[in-house]
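Student: Starting from these lines, generate the structure:
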Amino acid sequence: MELIYAFATDDGTALKNDGHFGNARYYSIYKISPDKYEFIERRKNAEIEEDESLTHGDPKKAKSVSSVLKGVNVLVANQFGPNITRIIKKFACVIIRKVFFIEDIVRAVQSNAEKIMAEYQKGEGRKPVILS
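Tutor: Down below sits the predicted model:
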């Protein structure tokens with residue numbers, strides 16, 4: 001089974017490394033399975049730009065970011081903010097401990113696809129998957 005992943009990025013090339021997932025300018029969307037991957041699109045995080053009054057942990061911010069990520073199953077970032085307790089009920093969350101280019105992270109995700117899938121299938125009882 002393939003899952004749809006959103007990688008937090010500011011430039012479309014590297015994973016965002018100076019803030020939380022919800023503060024990324026863009027999300028690079030990929031379809032990934034253990035044996036292949038496909039870039040689908042880059043989505044702009046316009047919801048946050050439109051309302052900069054939203055703060056870390058604000059439920060409205062979680063809802064705004066989620067609306068940009070329709071059809072996505074897994075979120076990938078260096079950091080997640082306090083809203084991880086809300087978003088993990090809807091998405092599996094993967095935390096990357098080192099800064100990589102997205103293409104490198106896609107391969108790391110592929111090699112851990114079964115682990116990520118198992119966590120995704122837990123539903124609201126999910127825990128973040130940490131890859132280093």
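Student: List the buried residues for stretch 103-111?
Tutor: The neighbour-count check on stretch 103-111 (16 or more other Cβ atoms under 10 Å) flags 105-106, 109-110 as buried. From N, CA and C alone the C-beta is placed, and that goes for glycine too.
Student: Nearest to Y37 among those?
Tutor: Within the set of the buried residues of stretch 103-111, V106 lies nearest Y37; the separation is 5.2 Å, counting by Cβ to Cβ.
Student: ok, now how distant is the closest one from G123?
Tutor: 25 Å (Cβ to Cβ, to the nearest Å).
Student: Doesn't S66 lie inside a strand?
Tutor: No: S66 is assigned helix when assessed by DSSP: H, G, I helix; E, B strand; the rest coil, not a strand.
Student: ok, it to L75 distance?
Tutor: S66 is 10 Å from L75, by Cβ to Cβ.
Student: Neighbour count: the two, which is higher?
Tutor: A count of neighbours by other Cβ atoms under 10 Å puts L75 above the other of S66 and L75, at 27 against 18.
Student: residues in contact with the helix or strand containing R42?
Tutor: Using DSSP states H and E, R42 falls within strand 36-44. Contacts with strand 36-44, where a contact means Cβ atoms under 8 Å, 6 or more residues apart in numbering, come from 4, 6, 9, 12, 25-32, 68-69, 106, 110.
Student: Report the lowest-confidence entry in these.
Tutor: Least confident by pLDDT among these: that is V68, with 89.
Student: What segments of this protein are strands?
Tutor: Remark: strands assigned in the chain by DSSP state E are 3-9, 26-33, 36-44, 74-77, 92-96, 129-131.
Student: May I ask which helix or strand of the protein has the lowest mean pLDDT?
Tutor: Every helix and strand in the chain was compared by mean pLDDT, DSSP states H and E; the lowest is helix 46-50, with a mean of 57.
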